[in-house]
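Colleague: Got a predicted model here, sequence first, then my questions.
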Amino acid sequence: MRISANGIMINVETRGQAEPALVFLHYWGGSSRTWAGVIRHLEGNHRTVALDFRGFGDSDKPATGYRIEELASDVTAALAELKVSRFILVGHSMGGKVAQFVASGHPAGLAGLVLVGPASPHGFQVSEQQRERMIHAYEAAGSVAFVRDNVMTKRPLPDDLKAQVIEDSLKVGAAARVAWPSVAIAQNIATAAASISVPTLVIGGEFDQVDTPATLEKEVLGVIRTARLEIVQGSGHLLPLEAPKEVSTLINSFVAQL
């Protein structure tokens, strides 16, 4: 369904009723359905909310609003609209950086934070050449497939998920496609992230080339004092698609300990 948040329509997929809700935020190029496999493997006793960020999936695709703090504001507005009172944020890659910023604001009802291959809170400076490659990577099926198979994954994906990655990437709006490599990836939110006080689980892929285990150890655990790290063996960066069962098992264990 689509709901109003900050003057635009945000697509959300919800299941269940019991709180704390698990709120899922996707990677740059993904959508709410990135989390479908993880949600299927969860025990089913929690409400789940998966959002399409503005510019992605079936949400509106405005020309502005793609800085980390603006995406985070959309999340909090959507949760208010959905009347989510107690929740655990689960963010992957870009969604992990947004989740860190949301958590740094100490929103009422936040019980925990799960960061799956999260982008560094320190930000990452890309070269002009890298930026151009990233901006154009989602313009054609062939370039998406190349990045998917050579950068984003280690485990082979089934054909339906291979197609999903291409479909979701090609659906990204023009402004969203440019904003992450041009602005948001470089934003330094480390000072804000250092104030996170809720229990935090960081999940990394053993062979992640985008946010490596060493980077997570240094730049995420080095900032968030409540965080601990778990590594999924044999996986790359697209953990929700490559290893949904392992990710869901870690989430279930984390929630049970809260």
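Modeller: Yep, it's here.

Colleague: Which helix or strand lies directly C-terminal to the helix or strand containing E13?
Modeller: Following DSSP states H and E, one finds E13 within strand 8-15. Sequence order places strand 21-25 as the next helix or strand after strand 8-15, per DSSP H and E.

Colleague: Could you tell me which strands that following strand is paired with, and in which direction each runs?
Modeller: Partners of strand 21-25 in the sheet, by DSSP bridges, are strand 48-51 (parallel), strand 87-92 (parallel).

Colleague: Could I get the average pLDDT for the next helix or strand after it?
Modeller: Counting by DSSP H and E, the next helix or strand C-terminal to strand 21-25 is helix 36-41. For helix 36-41, the mean per-residue pLDDT is 96.

Colleague: about what we covered before: if you count contacts, what does the strand holding E13 end up packed against?
Modeller: strand 2-5, strand 48-51, helix 68-81 (3 or more C-beta pairs under 8 Å, 6 or more residues apart in numbering; DSSP states H and E). Heads up, the C-betas are built off the backbone N, CA and C, glycines and all.

Colleague: any idea how far that strand is from the chain center?
Modeller: 15 Å (C-alpha atoms, centre = their mean, to the nearest Å).

Colleague: what about the helices in the stretch 101-250 of the chain?
Modeller: Per DSSP state H, counting those that start in this stretch, the stretch 101-250 of the chain carries helices over the ranges 128-137, 141-147, 159-170, 174-182, 190-193, 213-215, 239-242, 244-257.

Colleague: okay if I get those as TSV plus distance to G16 and mean pLDDT?
Modeller: TSV is the format used below for these (distance: least, C-beta to C-beta, whole Å; pLDDT from 0 to 100):
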stretch	distance to G16	mean pLDDT
helix 128-137	35	90
helix 141-147	32	96
helix 159-170	23	98
helix 174-182	29	96
helix 190-193	29	98
helix 213-215	32	97
helix 239-242	18	98
helix 244-257	13	96
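
Colleague: For V49, which of those helices is the nearest?
Modeller: When the helices of the stretch 101-250 of the chain are compared by C-beta to C-beta, helix 244-257 sits nearest V49, at 13.9 Å.

Colleague: Deepest in the core, which of the helices and strands packed on strand 8-15 is it.
Modeller: Sort the helices and strands packed on strand 8-15 by mean neighbour count, taking mean count of other C-beta atoms under 10 Å, and strand 48-51 sits at the top with a mean of 24.

Colleague: List the strands paired with the strand holding E13, with their directions.
Modeller: strand 2-5 (antiparallel), strand 48-51 (antiparallel).

Colleague: Quick check: mean pLDDT of it?
Modeller: 97.

Colleague: quick revisit: so which of the helices of the stretch 101-250 of the chain gets nearest Y27?
Modeller: Y27 lies closest to helix 239-242 among these, at 8.1 Å (C-beta to C-beta).

Colleague: Check which helices and strands that closest one is in contact with.
Modeller: On a contact count with 3+ C-beta pairs under 8 Å, 6+ apart, helix 239-242 meets helix 36-41, helix 159-170, strand 200-205, helix 244-257.

Colleague: Turn those into CSV, including mean neighbour count.
Modeller: As requested, the helices and strands packed on helix 239-242 are exported to CSV (neighbours: other C-beta atoms under 10 Å):
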stretch, mean neighbour count
helix 36-41, 19
helix 159-170, 17
strand 200-205, 25
helix 244-257, 17
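
Colleague: now those as TSV including distance to E70?
Modeller: Shown next, in TSV, are these (distance: least, C-beta to C-beta, whole Å):
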stretch	distance to E70
helix 36-41	26
helix 159-170	21
strand 200-205	23
helix 244-257	27
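
Colleague: closest to S85 out of these?
Modeller: helix 244-257 (16.2 Å).

Colleague: got a list of what the nearest residue to V165 once chain neighbours are set aside touches?
Modeller: Leaving aside its chain neighbours, V165 sits nearest to R148 (4.9 Å; criterion: C-beta to C-beta, 6 or more residues apart in numbering). Shown in contact with R148 (C-beta atoms under 8 Å, 6 or more residues apart in numbering): 157, 162, 165-166, 238.
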